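Enquirer: Structure for this input, please:
(one chain, ligands or ions: 2)
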Amino acid sequence: MHRFEPCLNFIGGRWQEPKTGQYGENVNPANGEVLGTWARSGPDDLDEAVRAAREAQAAWRLVPAPERAKVLQRVAQLLRERKEELARMLTMEMGKVLEEARGEVQEAIDMADYMAGEGRRLFGQTTPSELPDKFAMSVRAPVGVVGIITPWNFPIAIASWKSLPAIVAGNAVVWKPAEETPLLARAFAEVYEEAGLPAGVLNVVFGDGPVVGEAMLTHPGIDVISFTGSTETGRHIASVAGAHLKRVSLEMGGKNAITVLADADLDLAVDAIVWSAYGTSGQRCTAASRVIVERAAEEALLAKLLPRVEALKVGDGLDPAVHVGPVIHEAALEKIDHYVQLGLREGAHLLTGGRRLSEGDYARGFYYAPTLFAGVRPEMRIAQEEIFGPVLSVMAVDSFEEAIRVNNGVRYGLSASIFTRDVNRVFRAMRDLDTGIVYVNAGTTGAEIHLPFGGTKATGNGHRDSGQAALDVFTEWKTVYVDYSGRLQRAQIDNN
Ligand SMILES: NC(=O)c1ccc[n+]([C@@H]2O[C@H](COP(=O)([O-])OP(=O)(O)OC[C@H]3O[C@@H](n4cnc5c(N)ncnc54)[C@H](O)[C@@H]3O)[C@@H](O)[C@H]2O)c1
Ligand SMILES: O=C[C@H](O)CS(=O)(=O)O
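Expert: Ligands and ions are numbered 1, 2, ... in the order given. Below you'll find the predicted structure:
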């Protein structure tokens, strides 16, 4: 059994006990063991972190961006050196299998490399002026103090997507990580510290969402809220922080589908479906929880898919033979089982799974059997609502047009995928799938960090993480006119 030191707050460059004196427990979902504790902070801890951030930002914004980028280069290097240690820790506290945990740490490394490059770009625009002897340009300016609120399913990748662009752009950060994954948050803060980030530029305040997170939404010292999590929490954040005129960037839930047309390479499609639906135990925002198949291919697809699902080995993600780890906690298990029972009542055909795993080694962890439903209709709740577990619903349709309608007929719009060999339908799908991300002949997961990441409808509010688009969340456009004519010139006077 591995026991870690308590996760303390990181404020103004110092590791501090919470002023509340209270701590929460960090539980390994694979076996129920307590890995350690985390500071259960209150609003006073947040106040101190925001003060430290404001003070630090006043100096940090004046550091040339290429110099700021050097810190990010060191962050990338330190993450590289600690990759295996961080990946193992991630598997222990979050549950995903080690191979995926390594992939997640690599995402943070890639993001650090990419955003370090931004230190030498942060491109603005220059454009001709209407008037002679006048120069016109726009530059990116930091916004100030950024409040970051993150979920447990990608505890370092998503934090890297938000903190790295914010910091390279000259902001300071106050970060409230998810209650379930404090170890990765502490480790990431340690990396920033060791990389030489000045005290106060990154502050971490552990705590409950409804306490510390909630206090961030109205705190006058925080200018931007960048949030990833459920649509329910995101909607609340938008209404509260929006009323305080904060910029609010939201990345929320999904109900992603893989469409398989009758001409598709079915083996390739099945590989993608298995990985997208059951990888990370279905707990990715981009996980495929629906398959939309042209009726002519339904029987052949299910014949290939079912044995692959039945062959998935469930267990502790540290075991290299395991494909599917535990889900995050008891409440998640209950939610998954609730939806499975609902699916049965709605008349879906359960082909495999559909139950908690609790015998033998499973008894102490939170395990659910990979579950496959066929005969699902688009209006059923299992085909409409985010379950966030290893549950996949297969629906048959009669045409490409119907497939697009079914794909788009949910309230979310994060990721969609289509398998076909017909180039015309590929381009129509690229145009008509109403999601922020579209894959062709690939599963619904596998985002690359140099492209925008986010979704439409109830998945987002128009902002994007990742890529250059992320800089729009963390910068203000400042437009500058320099008149070097030596006389008063006036634009917008009609001289014609
Ligand atoms: N679109 C994306 O990029 C993306 C990526 C990963 C996860 N997600 C979504 O995240 C969800 C799973 O994560 P979760 O269960 O941690 O989500 P969640 O909404 O329960 O929690 C996310 C974060 O919000 C905090 N929070 C909770 N209540 C709050 C409040 N009142 N004020 C401020 N902060 C509060 C939590 O403490 C946590 O840090 C799923 O819906 C998934 O689809 C989306
Ligand atoms: O960090 C989040 C995930 O990597 C996104 S994806 O599931 O790989 O697309």
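Enquirer: quick check, A69 in a helix?
Expert: Yes: secondary structure of A69 (DSSP: H, G, I helix; E, B strand; the rest coil): part of a helix.
Enquirer: Was I right to think it contacts R121?
Expert: No: counting by Cβ atoms under 8 Å, A69 does not reach R121; the two are 9.5 Å apart. Every residue, glycine included, has its C-beta placed from N, CA and C.
Enquirer: Looking at these two, which one has more neighbours?
Expert: Here A69 and R121 are compared on neighbour count by other Cβ atoms under 10 Å; more neighbours surround A69, at 22 against 14.
Enquirer: ok, that one to I158 distance?
Expert: 21 Å (Cβ to Cβ, to the nearest Å).
Enquirer: Then M395?
Expert: 30 Å.
Enquirer: Name the residues of the stretch 1-150 of the chain found near ligand 1, please.
Expert: Counting by Cβ under 6 Å from any ligand atom, the residues of the stretch 1-150 of the chain close to ligand 1 are 149-150.
Enquirer: Next: the stretch 151-300 of the chain.
Expert: Taking Cβ under 6 Å from any ligand atom as the criterion, the neighbours of ligand 1 within the stretch 151-300 of the chain are 151-154, 158, 176, 178-179, 209-210, 213-214, 217, 228-230, 233, 236-237, 251-254, 285.
Enquirer: Quick check on those residues: which are buried?
Expert: Neighbour counting by 16 or more other Cβ atoms under 10 Å classes 151-154, 158, 176, 178-179, 209, 213-214, 217, 228-229, 233, 236-237, 251-254, 285 among these as buried.
Enquirer: in this structure, what spans have low per-residue confidence?
Expert: Regions of the chain meeting the criterion pLDDT under 70 cover residues 495-496.
Enquirer: Which residue, other than its chain neighbours, is closest to P220?
Expert: Spatial nearest neighbour of P220, excluding adjacent residues (Cβ to Cβ, 6 or more residues apart in numbering): H244 at 7.7 Å.
Enquirer: That neighbour: neighbouring residues, count only.
Expert: Applying the criterion other Cβ under 10 Å, we find 13 residues in the vicinity of H244.
Enquirer: Could you do the one 4 residues further on as well?
Expert: Neighbouring residues of V248 were enumerated by other Cβ under 10 Å; the total is 22.
Enquirer: Show me the beta-bridge partners of it.
Expert: With DSSP bridges applied, the residues forming beta bridges to V248 are I225.
Enquirer: Hmm, it is touching A238, no?
Expert: Yes: in this structure, V248 sits in contact with A238. The criterion is Cβ under 8 Å, and the distance is 5.3 Å.
Enquirer: need the contact list for the spatially most central residue of the chain.
Expert: Nearest to the centroid of the C-alpha atoms of the chain, with distances taken as Cα atoms, centre = their mean, sits I158, at 4.7 Å. Neighbour list for I158: 150-151, 228, 251, 465 [criterion: Cβ atoms under 8 Å, 6 or more residues apart in numbering].
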